[in-house]
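**Q** what follows is a predicted structure for the sequence shown.
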There are 2 protein chains.
Amino acid sequence: MTAEQRNKWIGFDLGGTKMLSRVYDGDFKPLGWNRKKTKAHLGTKAGLERVVETIRDALKDADVDPSEIAGIGIGCPGPIDMEKGVVLDPPNLGWGKVSIRKHLEQEFGCPVAVANDVDAGVYGEYRFGSAKGVRTVIGVFPGTGIGGGCIYEGAILRGSKCSCVEIGHIPVLPDGPLCGCGQRGCLEAVASRLAVAASAARSVYRGEAPYLQKAAGTDLSSIRSSSLANAIKAGDEAIEQIVRDAAHHIGTALAGVIHLISPDVVVLGGGLVEAMPKLFVEDVMAAARDRVMVAYRDTFKVVATELGDDAGVLGAAAWAEKMVVGQSTK
Amino acid sequence: MTAEQRNKWIGFDLGGTKMLSRVYDGDFKPLGWNRKKTKAHLGTKAGLERVVETIRDALKDADVDPSEIAGIGIGCPGPIDMEKGVVLDPPNLGWGKVSIRKHLEQEFGCPVAVANDVDAGVYGEYRFGSAKGVRTVIGVFPGTGIGGGCIYEGAILRGSKCSCVEIGHIPVLPDGPLCGCGQRGCLEAVASRLAVAASAARSVYRGEAPYLQKAAGTDLSSIRSSSLANAIKAGDEAIEQIVRDAAHHIGTALAGVIHLISPDVVVLGGGLVEAMPKLFVEDVMAAARDRVMVAYRDTFKVVATELGDDAGVLGAAAWAEKMVVGQSTK
């Protein structure tokens, strides 16, 4: 098979609970896919085997031969070393240091590009979604933590030795609540879905949120983005205030990001935003505009993700294309 | 005269109080210079005439003919529009919107590159000083405000529509002291030379700083960086605490910058730092290391400027070369 027939791209999203692979043609039309549970607790070797198996099953679903693959792009939880294609012991995998690029290159005999999962998602929005072709995009994805990513002049912004754009760990409240990273008052300690759920549970416990009480109770594991959105719709004002406070904190932290990087577009994504896109876009925009210097007020816009869950896997595939073909795209 | 003989570069630093021009040969050896007061109050037309005159006098000093100029690089106070070469009404000039590139190109018939003055200084350190050839440099220059700049992959980091890396306006204290930009609790409202001088004056007034009292009294205009450094040397502990607090705030704000951009090197400069380089490098480094996530702790170093006052004018000239020749350098 000649090089010209190598015209399919694989996108892969390696998450803490599930892994997803899609096969695309040269125009990034999806041809097939597969998804498995990550089962990170089974360890590194078993994990890598599941990654390979997921790709093989996606290829079967797409009816594509491995020899047709032009490249594989894989989005992984941070921290990672992009240059070396190594995953650096992310807490939600517990696999230690894994040379995932080397492993997949040996397995499939094609180039493999490794990116942070949030960067891959933001790259997806830059190539195909709500931030097409602008110079600088910042992505903010509030979930269990708050992920961040940046595309600058057509490429993922790269940090020294490890990834960057850790928006979740911008200090926002001196002596604020303890963050999972060991520091205090990080953005994600006050504005992630987990932080919001914790405040919401407290509100339920106090009897301030009757609708959420019926739907989810005081257990953080039951308080999902959709239950928060429904409670607000049903009239739980205390919950609305909590969510708006989170959006306000995100907007205020973004003011610092805007003063530093001055993005053209800020893309908001993740479950919390997808459940309440209008509230988040409006409140984050208002807080950011309110907190930036006058000269920066009309330099950016805030939008919600267009590709949703697909951004990461599609972005990873497109990033592989950029790395292999060197195509800078519009 | 042929194009090959166009091998001299002009660097220019346009400040609120003075303007400085230097002429360099192709290896950036200085050949001559001139300096004038800016006299910004005389207005835009008179100001531009003084810029041209300063360049002409520097050329005379260097014994270089205008036809030998390959390019002019000019560092200006922000905000600016780099693409268009326009200065966008910086508060310390009061000249409105000035197409400075167009004006100088017409005057000297050579390409002109316009950069933010701090960016020019950081580019100087990147090309010739304490941050040679690294992927990402962040510059922090505490003065009346706190200037910031960033060189990323060999070029000045560019923002949307205007410049960026406004480190002085990162929010650090919610509801903190009022900043010159109209917001509250910006870094420069708590850690600039002006903020330090204000705290020091208060300390003098309270009788806590006998040495500074003798040297400068309670007038902010008399409390210079050197008087602060001398007071600390002489034993004014209250002043030392104030300066260390400022360094601590800068380091804490830098933690956010490190989480976002993950620079290899942070260059500290400006009068306050040059008067006390050891104190600033150590305290800023300690505060930043203390506040970043573990994965980022050994990804950066903090250094003092190597070129001092020359960084800006030399960096502007080198930036003109990069823009004209497209030379990415080491």
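**A** Structure's in. What do you need? A quick note: this is a predicted structure, and the numbers were derived from the prediction, not measured.

**Q** every contact and neighbour count from this point should use C-alpha atoms.
**A** Fine.

**Q** list, one by one, the residues from the stretch 201-330 of chain A near chain B.
**A** With the criterion set to C-alpha under 8 Å from any C-alpha of the partner chain, the stretch 201-330 of chain A comes near chain B through A:252-253, A:255-264, A:291-293, A:295-296, A:299-300.

**Q** quick one, which of the residues you listed are buried?
**A** Neighbour-count burial (16 or more other C-alpha atoms under 10 Å in any protein chain shown) applied to those gives A:252-253, A:255-264, A:291-293, A:296, A:299-300.

**Q** in strands only, show me these.
**A** Using DSSP state E, no member of these falls in strands.

**Q** so which of these are in helices?
**A** Among those, DSSP state H puts A:252-253, A:255-261, A:291 in helices.

**Q** nearest to chain B, of the residues you listed?
**A** Set against chain B, the nearest of those by C-alpha to the nearest C-alpha is A:Leu260 (3.8 Å).

**Q** tell me which residues touch that closest one, please.
**A** B:164-167, B:170, B:257 (C-alpha atoms under 8 Å, 6 or more residues apart in numbering or on different chains).

**Q** quick check, A:Asp81 in contact with A:Ser160.
**A** No. Using C-alpha atoms under 8 Å, A:Asp81 is not in contact with A:Ser160, being 9.3 Å away.

**Q** is A:Gly159 in a helix, a strand, or coil?
**A** Under DSSP: H, G, I helix; E, B strand; the rest coil, A:Gly159 falls in the coil class.

**Q** same check on the one 4 residues further on?
**A** A:Ser163 carries the three-state label coil when classified by three-state DSSP.

**Q** tell me the spacing between it and chain B.
**A** 8 Å (C-alpha to the nearest C-alpha, to the nearest Å).

**Q** that residue contacts A:Asn116, correct?
**A** Yes. If you go by C-alpha under 8 Å, A:Ser163 and A:Asn116 touch, sitting 7.2 Å apart.

**Q** with only the CA atoms kept, save the strand or helix carrying A:Leu272 in PDB.
**A** Assessed by DSSP states H and E, A:Leu272 sits inside helix A:271-275. Extracted C-alpha coordinates of helix A:271-275, given in PDB (Å, rounded to 0.1, in the frame of the first residue of the first chain):
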ATOM      1  CA  GLY A 271     -21.000  19.500  31.400                       C
ATOM      2  CA  LEU A 272     -21.900  22.500  33.500                       C
ATOM      3  CA  VAL A 273     -21.700  24.900  30.600                       C
ATOM      4  CA  GLU A 274     -23.500  22.600  28.200                       C
ATOM      5  CA  ALA A 275     -26.400  22.300  30.700                       C
END
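
**Q** ok, and what's touching that helix?
**A** So helix A:271-275 is in contact with A:141-143, A:193, A:225-226, A:229, A:280, A:304-305, A:308, going by C-alpha under 8 Å, 6+ apart.

**Q** secondary structure class for A:Ser130?
**A** coil.

**Q** in terms of pLDDT, where does A:Val172 sit?
**A** If you check A:Val172, the pLDDT there is 88.

**Q** neighbours around it, how many?
**A** Neighbour count of A:Val172, defined by other C-alpha atoms under 10 Å in any protein chain shown: 26.

**Q** check A:Gln5 too.
**A** Neighbour count of A:Gln5, defined by other C-alpha under 10 Å: 11.

**Q** per-residue pLDDT, the nearest residue to it once chain neighbours are set aside?
**A** Spatial nearest neighbour of A:Gln5, chain neighbours left out: A:Glu68 (5.8 Å); criterion: C-alpha to C-alpha, 6 or more residues apart in numbering or on different chains. pLDDT, A:Glu68: 97.

**Q** equivalent analysis for A:Trp33, please.
**A** Here, the pLDDT recorded for A:Trp33 equals 98.
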